[in-house]
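A.B. asks: Quick one: sequence plus predicted model below, questions after.
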Amino acid sequence: MLRIACLLSIVLIPGAVAADEPAAPMVVVQSFVRAYNDHNLDGMVKLLADNVSWESIQGDKVVTEAATRAELMNKLAVYFNEHPNARSVLEQSFVSGSYVSVRERAFWKQDGKTLSATAVAVYETADGRITRAWYYPAAAQP
């Protein structure tokens with residue numbers, strides 16, 4: 001009976017995983033976005049591989065924005081300082097193996113107005129951590 005209760009908790013509670021198993025790719029990405037929305041750098045760092053590569057697609061080029069967890073955390077700390085109201089919502093997502101593809105809407109305030117932009121991103125995960133992310137150009141939203 002206890003085994004069934006444990007199995008049900010894994011199935012019924014989003015994000016629940018056994019202690020010795022890495023989180024599923026979608027859970028990792030959702031947890032990362034939650035930590036981002038809380039501006040919780042400590043929470044975010046736990047979800048990133050040491051050698052995470054954060055990349056943006058710019059035309060026919062792939063530009064590495066950060067090549068390590070420490071570099072990405074430094075950039076995010078500056079970003080949160082400049083945009084204390086920044087948050088993000090995953091509007092659509094799907095998983096393909098270790099990859100999570102999302103349409104993500106970012107929000108921030110500037111000159112007293114809330115602005116937003118939508119972008120497509122692909123996160124690669126391994127062992128319960130994000131190992132690589134690719135961000136495609138954002139489209140401003142009214």
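C.D. replies: On my side now, so go ahead. Numbers count the residues shown, from 1 in each chain.

A.B. asks: In the longest strand belonging to the chain, which residues are buried?
C.D. replies: Ranked by residue count, the top strand of the chain under DSSP state E comes out as strand 113-126. Neighbour counts over strand 113-126 (16 or more other CB atoms under 10 Å) mark 116, 119-125 as buried. (Glycine included, C-beta is placed from N, CA and C.)

A.B. asks: Can I get those in JSON lines including distance to Ala70 and pLDDT?
C.D. replies: Formatted as JSON lines, the buried residues of strand 113-126 follow (distance: CB to CB, whole Å; pLDDT from 0 to 100):
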{"residue": "Ser116", "distance to Ala70": "29", "pLDDT": "95"}
{"residue": "Ala119", "distance to Ala70": "24", "pLDDT": "96"}
{"residue": "Val120", "distance to Ala70": "26", "pLDDT": "97"}
{"residue": "Ala121", "distance to Ala70": "21", "pLDDT": "98"}
{"residue": "Val122", "distance to Ala70": "23", "pLDDT": "98"}
{"residue": "Tyr123", "distance to Ala70": "19", "pLDDT": "98"}
{"residue": "Glu124", "distance to Ala70": "19", "pLDDT": "98"}
{"residue": "Thr125", "distance to Ala70": "19", "pLDDT": "98"}
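
A.B. asks: Now tabulate those in TSV and tack on distance to Val78.
C.D. replies: Shown next, in TSV, are the buried residues of strand 113-126 (distance: CB to CB, whole Å):
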residue	distance to Val78
Ser116	21
Ala119	19
Val120	24
Ala121	20
Val122	24
Tyr123	22
Glu124	24
Thr125	25
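
A.B. asks: Which single one of those is nearest to Gln30?
C.D. replies: Tyr123 (10.4 Å; CB to CB).
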